[in-house]
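Student: Here's a sequence, model it:
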Amino acid sequence: MRFPNIAKTSKRRTIGVILLSIAAVLITLISLRTESPDQQEEIWFKSLAPWSSLKQIAPATNFWPKISPEGTEFLLKKLRRQESAFEKCYRKFWFQLPEIGHKFLRAPASPEADRMRAAFAFGKYGPQPGAVELGLIQLASSDPDGDVRAEALLALINWPAGENKLIPLLLKATKDSYQPVRSTAVRALAFVSSFSDDVEQALIAALGDPDVAVRQGAQAALLQNRWARKRQYPTIWKLTKSSDENVRLTACSTLVQLGIKSPELVQILTAMLSSTKELNRREAVALLGGQGPLAKPALPQLVALLDRMDSSTQATLLWSIGQIGPGPELMPTLTRFLNSTNGNVRSPAVFALGAMGPAAASAVPALVECLSSDRGPRNNAANALGRIGPAAKSALPVLRRLVEDPDFMVQQNAAFAIWRIARETNHVSILVRGLDQARKSLVTLGNVSWLCGILGEMGPAASDAIPILDELCHHEQEYIRIAATNALEKIKTP
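Tutor: Residues are numbered from 1 along each chain as shown. Just a heads-up that it's a prediction; the model follows:
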């Protein structure tokens, strides 16, 4: 059943509201032309009183080039319960009236929500020296509310304030009782330019924090700038003996990422394979892979875990087994995973077989089948066949077709495999192009060293790579400079 009369009434009401709103704006604008400036402002803000939406207020404010401090404060107070409106009003009047924002920083006279929003706005819309900066420093160091301290600290970091003021504040904040404040502080310390023993020691101490976000932030800060100098390594080593398993794991992870390889680390990580926490077991597995062949004593335990873990942890186990270097006795186990319906498991199984080199020759037929699989296994299978070498000669017809694959990574690994199996240099241009692309992205930068090695093996046939290699000889990363220099020597030597 329809109700035409009700529909018409609703439509008329909507039109009536719109017309009344337009009339209110017109009356206000007419009044503003006939009154003094003070009276104009009073009329203006009284006209705002019934409105609560910034969408209604914002267009009208364009008619008013400068609003007095009292008027701005009135507007901010009116909109304090609307976070987005409050923020936009700050942005509109920011550089004109910083003293108004400072009033909202005062504790405890100003409500907690106002102090936090004011700190957020100061951080987002630019520095205001003097009283505002002092207000933020006071909030960050001593406000009774943890969220306000964290927001004020972020505001100071985003400016940034002078490091002579900021660093002592950050060091104090790493010991704050509130986790978000500690986490903000350790992450900010990654970007300060004034390195000191105090900063380094604070970050290393934070590796033992009970909160995972703080530990990870401290680790990231240390690794980002390689600040943990060798004389500090014993302090990190002490954390590997902590009674807290999470702290031990963070300390081990930091040492591994600093390039430390040690039988003692392998022993600590192997013990963590029996942890009751699956995430910790998975990270221990990954870190053991980073120890390479030194972790061979852990292989029996890693293999024993394969059938007890979910597919995600199985994938991590297989990658690590490949990095450590499996022996021929693992061939049946690894080949079994080639038949998995999960591509995320097949790919690392293929990688692990490739790590066996010529000893995996009996797996060539199974690896050739993977060449027609989805991207991950196909890519890794081509690479594995290349590492097996001439014993994978039967794979050449399929590999030659894959140099035309739509996926460039597959093309690249197929070209590598053809070179290693048959010593054909017909596809060197693919590898040169791969080197050029890999050096331009942090994601693929790790491939640069590998590609330099392959092109160096090809000798003078890879002369097209010389201009790129010349540039890489001046790269900021030492391992890339070394790889490029070695490749150039081999290519230029007849």
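Student: where in this protein is pLDDT low?
Tutor: For the chain, applying pLDDT under 70 flags the ranges 1-135, 158-163, 193-195, 225-232, 374-376, 443.
Student: ok, D244 - contacts?
Tutor: Residues near D244 by CB atoms under 8 Å, 6 or more residues apart in numbering: G208, P210. No exception for glycine: its C-beta is placed from N, CA and C like everyone else's.
Student: got the residue ranges for the helices in the stretch 251-400 of the chain?
Tutor: For the stretch 251-400 of the chain, the helices defined by DSSP state H, counting those that start in this stretch cover 263-271, 278-290, 299-305, 311-324, 331-337, 343-355, 364-370, 375-388, 396-402.
Student: which one of those helices lies closest to V432?
Tutor: Smallest distance to V432 across the helices of the stretch 251-400 of the chain (CB to CB): 17.0 Å, for helix 375-388.
Student: What angle do helix 343-355 and that closest one make with each other?
Tutor: 10 degrees (axes from the mean of the first three to the mean of the last three CA atoms, to 10 degrees).
Student: Give me the contacts around helix 375-388.
Tutor: For helix 375-388, the external contacting residues (CB under 8 Å, 6+ apart) are 343-344, 346-348, 350-351, 353-358, 360-361, 363-364, 367-368, 370-373, 392, 395, 399, 402, 405, 407, 409-410, 413-414, 416-421.
Student: so where does R248 fall, helix or strand?
Tutor: According to DSSP states H and E, R248 maps onto helix 245-257.
Student: And that helix, what's buried?
Tutor: N246, V247, R248, L249, T250, A251, C252, S253, T254, L255, V256, Q257 (16 or more other CB atoms under 10 Å).
Student: Which single one of those is nearest to R308?
Tutor: L249 (19.8 Å).
Student: Give the full set of residues in contact with the closest one.
Tutor: Taking CB under 8 Å, 6+ apart as the criterion, L249 is in contact with M272, N280, E283, A284.
Student: Buried ones among the residues you listed?
Tutor: Buried, going by 16+ other CB under 10 Å: M272, N280, E283, A284, out of the contacts of L249.
Student: These into TSV, with extra columns for distance to Q179?
Tutor: Putting the buried ones among the contacts of L249 into TSV (distance: CB to CB, whole Å) gives the following:
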residue	distance to Q179
M272	24
N280	20
E283	21
A284	25
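Student: Of those, just say which sits nearest to R439.
Tutor: Nearest member of these to R439, counting by CB to CB, is E283, at 30.0 Å.
Student: I figured the closest one hits S253, correct?
Tutor: Yes. Using CB atoms under 8 Å, E283 is in contact with S253, at 6.8 Å.
Student: Burial check on R481, number of neighbours?
Tutor: The local packing of R481 (other CB atoms under 10 Å) involves 14 other residues.
Student: Please name the nearest non-neighbouring residue to it.
Tutor: Distances taken as CB to CB, 6 or more residues apart in numbering place H475 nearest to R481, at 5.3 Å, with adjacent residues excluded.
Student: separation between I418 and N447?
Tutor: Noted for I418: a distance of 18 Å to N447, by CB to CB, to the nearest Å.
Student: Ok, L166 next?
Tutor: Using CB to CB, L166 is found at 38 Å from N447.
Student: Neighbour count for the two, which is higher?
Tutor: L166 (21 against 17).
Student: SS state for that one?
Tutor: Look at L166: counting by DSSP: H, G, I helix; E, B strand; the rest coil, its state is helix.
Student: hang on, isn't it packed against L156?
Tutor: Yes. Between L166 and L156 there is a contact under CB under 8 Å: 5.9 Å.
Student: Touching both of E283 and S253, which residues are there?
Tutor: The contact sets of E283 and S253 do not overlap (CB under 8 Å, 6+ apart).
Student: Would you map the strands across the stretch 351-494 of the chain?
Tutor: Under the criterion DSSP state E, counting those that start in this stretch, the stretch 351-494 of the chain carries no strands.
Student: contacting residues around stretch 234-242?
Tutor: So stretch 234-242 is contacted by 201, 204, 207-208, 228, 247-248, 250-252, 254-255, 265, 268 (CB under 8 Å, 6+ apart).
Student: one more time with 6 Å
Tutor: Residues from elsewhere that reach stretch 234-242, judged by CB atoms under 6 Å, 6 or more residues apart in numbering: I204, L207, G208, V247, R248, A251, C252, T254, L255, I268.
Student: Tell me how many other residues surround the nearest residue to V410 once chain neighbours are set aside.
Tutor: Closest residue in space to V410, ignoring its immediate chain neighbours: N379 at 5.1 Å, by CB to CB, 6+ apart. The number of residues packed near N379 is 25, by other CB under 10 Å.
Student: how much space is there between N379 and G289?
Tutor: N379 sits 19 Å away from G289, going by CB to CB.
Student: same question, D407
Tutor: For D407, the distance to G289 equals 25 Å [CB to CB].
Student: Have a look at these two and say which one is more surrounded.
Tutor: The neighbour comparison of D407 against G289 (other CB under 10 Å) goes to G289, with 22 against 13.
Student: was I right about the more buried one contacting S320?
Tutor: Yes. Counting by CB atoms under 6 Å, G289 does reach S320; the two are 3.0 Å apart.
Student: any idea how far the residue nearest to V410 lies from L385?
Tutor: 11 Å.
Student: do P460 as well
Tutor: Between P460 and L385 the computed distance is 26 Å (CB to CB).
Student: Which one's more surrounded, these two?
Tutor: L385 (34 against 12).
Student: For the buried ones among the contacts of L249, work out which two are farthest apart.
Tutor: For the buried ones among the contacts of L249, the maximum inter-member distance is 8.2 Å, found between M272 and E283 (CB to CB).
Student: Looks like K261 contacts L294 (just checking).
Tutor: Yes. Under the criterion of CB under 6 Å, K261 makes contact with L294 at 5.3 Å.
Student: Spit out the residues that contact those two alike.
Tutor: In contact with both K261 and L294: no residue, using CB under 6 Å, 6+ apart.
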